[in-house]
Structures are given as C-alpha cells and as structure tokens.
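In: Return a 3D structure for these sequence lines:
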Amino acid sequence: MKFKVFVDGQEGTTGLEIHNYLVQHHEVELLRIPSEKRKDVAARRDLINQSQVTFLCLPDAASRESVSLVTNPKTCVIDASTAFRTDPGWAFGLPELEPDQRRIIRESKRISNPGCFATAFVLAIHPLVRAGIMQPDYPVTCFSISGYSGGGKQLIKIYEGEQNAKLLSPRPYALKLDHKHLPEMRVRSGLSMDPIFAPVVANFYKGLALTVFIHPQRLARPMGPEAIHEQLAKYYTGEPFVRVKPFGDDGNLDSGYFDVQGCNDTNRADLFVFGTKERTVLMVRLDNLGKGASGGAIQSMNIHLGIDETTGLK
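Out: Got it, this is the predicted structure:
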C-alpha cells in the first residue's frame, strides 16, 4: 500500500519541485487538488487529513492556517516556510544535525524544513560548536552566493524576463543584516548570537555556495584547517548525502576556481576546508532547490515513513 501525500501550495517554486519528486516516487500516492479549489479551505482540510504526509509550501501565515486545519493525529506536516524553524515543538528536518535526529524526525508529526542557507551554515558550524571547538559566542562571519531560483517565482520572472544589464553581475542583498534564515542559523548551529551574513544572488538558475571565515587561534580549542577537516569528516562519516571533500585535493577546484553549481540536480551537500594555520575557510555547496529545499524535504519524508531515506533522491 502506498503512502498518501499532499502538497499544499504546489504552485510555488519549492512546491513544484516537491511535486516533481513525488510523481516519480514509487512509494507514495500523490493527492491532488483541483486548481480552482487550491484556496478552498474545506477542500484543503479534507486532503490534509486524508494524507499521511502533507507538505506546506506556503508563506508563514498560510502555513500556520494549514496547521490549524489538521485534525487527523496520524497526519505528519512538513513545513517549508520559516514559521516553525526555531519552534522547540517542531523537529528540524536536517537528518545530519545530530546522531539522534533521524529518530526525532521519524517520531514527529511536525517537521520544519530548513532554509537553503541555514542547511549549508548549520552543516558547517554545528559540529564545531557541539564538540566545543567553537565557542557559542564566536563572532561568525559568512557570505553565500546562490542562483536566482532561491528568490522564488517573482525573482525568476525578473531574471528570465527582463533585459537589464544590472542583472548580469552578482548582487548582494539583505544588507540590513536581517535575513529571514538568521534565527535558524543561530539556534540550530548552537551559536548564542546571529552570524554576520551577507548573501549574494547571481545570474544562474540554481546552485549555492556558503563560505564561513574562521580565525583558528580564536577558537575555544585552536586548530588548523587539517584538524577542522578531520573533525567534520568524522562527524559526517557514513552520511549518504553529506560529503567532506579531501583536504588539499586539487580536484576541489577547477583551474583554481570553485564550482558553485557542482551539486546541482542532487540532494548532496559537499563540504570543503581551505586555508593555513592562521586563516581557515569552510565552504558548503548544495543545490538550493535540492538539499536546500525540496530534496531535503523528501529525505525527511522518507525517514518519517520508514522508507530508505535515499529513495527518489541522488
């Protein structure tokens, strides 16, 4: 018997990607809502409560409304908005976060899917904070470059519809330092204060690379890049979708340049460590629509339903 799954908010970028995964997933039956009823509360309530898993791909307020419609105690909600990402009553849908995280996801009926930047940031920082290598009040500075699909339909339309020379160059944004992913970046990494985070959007569809700068001598346990690499490699040993790339390998770069799109069309996150004993850089690369959004949501669904977590993913 297949598991019944519903996507509330299928029309958005994340919802469409989740839908594309589900139609090819041999373990699920996709419940569909007629387009003319997608805003009909009664119709949505019925499908949500028919499902074993409902994905919410909606703005925060609409996600909260959909959660209020759940009356079936067997329905699991996986929410892709920012509404519940720091809520202690919700499981954080990053299976690699803690050794016990898969059990938490499996047993929870409320799972909050991480944002793309938060996924990359937490994968880089949390193992160091957890091990006591980086103190919680370490002043983390980072930036990230990503494709324009991360901005959703409106930004995609701008990049693909306008002839504007300004769009040809990378564009920093969120320079009031109030990016919506900051709370989950802080809480889920174990930091006590928000990092300084400067994202950049560029003229390519998808792909993301987040860079964290570290002064090894200012860590709680000072260590150079090789030791940091060893710590990360140990933490993610055996993970099917997180790969810590060999330290100092010439293959990490393409003629000296970093390939931001190297994980596109996968659910992988690749971690890299560069630097010297005085300065270290951590980089995390992923597909912002894959591991950074829809792929990660499918991974959590698989775990919750007791399916091999790699099913339908690569």
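In: remind me, longest helix of this protein?
Out: For the chain, the helix that runs over the most residues, judged by DSSP state H, is helix 116-130.
In: what sits against the residue nearest to Gly147 when sequence neighbours are not counted?
Out: Counting by C-beta to C-beta, 6 or more residues apart in numbering, Lys206 is the residue found nearest to Gly147 once chain neighbours are left out, at 4.1 Å. All C-beta spots, glycine's among them, are computed from the backbone N, C-alpha and C. Under the criterion of C-beta atoms under 8 Å, 6 or more residues apart in numbering, the contact list for Lys206 reads Ser146, Gly147, Ser149, Gly150, Gln261, Asn264, Asp287, Asn288, Leu289.
In: what about the third one, neighbour count?
Out: Right, Ser149. Ser149 is flanked by 25 other residues according to other C-beta atoms under 10 Å.
In: Phi, psi for it please.
Out: With angles defined as degrees, to the nearest 10, Ser149 sits at phi -60, psi -20.
In: Check the fifth one too.
Out: With angles defined as degrees, to the nearest 10, Gln261 shows backbone torsions of phi -100, psi 20.
In: Hmm, Phe204 and it touching each other?
Out: Yes: the pair formed by Gln261 and Phe204 meets the contact definition of C-beta atoms under 8 Å, at 6.6 Å.
In: what's the overlap in contacts for the two?
Out: Counting by C-beta under 8 Å, 6+ apart, the shared contacts of Gln261 and Phe204 are Gly147.
In: one step back: model confidence for the residue nearest to Gly147, exactly?
Out: The predicted local distance difference test score for Lys206 is 96.
In: Which of the helices or strands spans Ala61?
Out: Using DSSP states H and E, Ala61 falls within helix 60-68.
In: Could you look up the next helix or strand downstream of that helix?
Out: Next along the chain from helix 60-68, counting by DSSP H and E, comes strand 76-79.
In: May I have that next one as PDB, with CA atoms only?
Out: As requested, C-alpha coordinates have been extracted for strand 76-79 and formatted as PDB (Å, rounded to 0.1, in the frame of the first residue of the first chain):
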ATOM      1  CA  CYS A  76       2.600  14.500   9.500                       C
ATOM      2  CA  VAL A  77       3.200  18.000   8.400                       C
ATOM      3  CA  ILE A  78       6.500  19.000   6.800                       C
ATOM      4  CA  ASP A  79       6.500  22.800   6.600                       C
END
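In: Pull up the pairing partners for it, direction included.
Out: Within its sheet, strand 76-79 is paired with strand 53-56 (parallel), strand 110-112 (parallel), according to DSSP bridges.
In: Pick the most deeply packed of those.
Out: Taking mean count of other C-beta atoms under 10 Å as the contact definition, the stretch among these with the greatest mean neighbour count is strand 53-56, which reaches a mean of 28.
In: circling back to that earlier point, give me the distance from the longest helix of the chain to the chain's centre.
Out: In terms of C-alpha atoms, centre = their mean, to the nearest Å, the gap separating the centre of helix 116-130 from the centre of its chain is 10 Å.
In: And it, what does it pack against?
Out: Secondary-structure packing of helix 116-130 (3 or more C-beta pairs under 8 Å, 6 or more residues apart in numbering; DSSP states H and E): strand 141-147, helix 182-189, strand 196-202, strand 208-214, helix 225-235, strand 269-275, strand 280-286.
In: what residue ranges in the stretch 51-200 of the chain score low on pLDDT?
Out: In the prediction, the stretch 51-200 of the chain carries no residues with pLDDT under 70.
In: List the buried residues in the helix or strand harbouring Ile156.
Out: Under the criterion DSSP H and E, the helix or strand holding Ile156 is helix 152-161. Residues of helix 152-161 classed as buried under the neighbour-count rule (16 or more other C-beta atoms under 10 Å) are Ile156, Tyr159.
In: Tell me the helix or strand right after that helix.
Out: Following helix 152-161 toward the C-terminus (DSSP H and E): strand 171-172.
In: Mind giving me the packing neighbours of that following strand?
Out: Right, strand 171-172 is packed against strand 196-202 by 3+ C-beta pairs under 8 Å, 6+ apart.
In: counting contacts, what elements does the strand it packs on pack onto?
Out: In terms of contacts (3+ C-beta pairs under 8 Å, 6+ apart), strand 196-202 is packed against helix 116-130, strand 141-147, strand 171-172.
In: how many neighbours does the nearest residue to Ile133 once chain neighbours are set aside have?
Out: Closest residue to Ile133 apart from its sequence neighbours, by C-beta to C-beta, 6+ apart: Arg221 at 4.8 Å. Burial measure for Arg221: 13 neighbouring residues, criterion other C-beta under 10 Å.
In: in a helix, that's where Arg221 is, yeah?
Out: No: following the definition DSSP: H, G, I helix; E, B strand; the rest coil, Arg221 is coil and is not counted among the residues of a helix.
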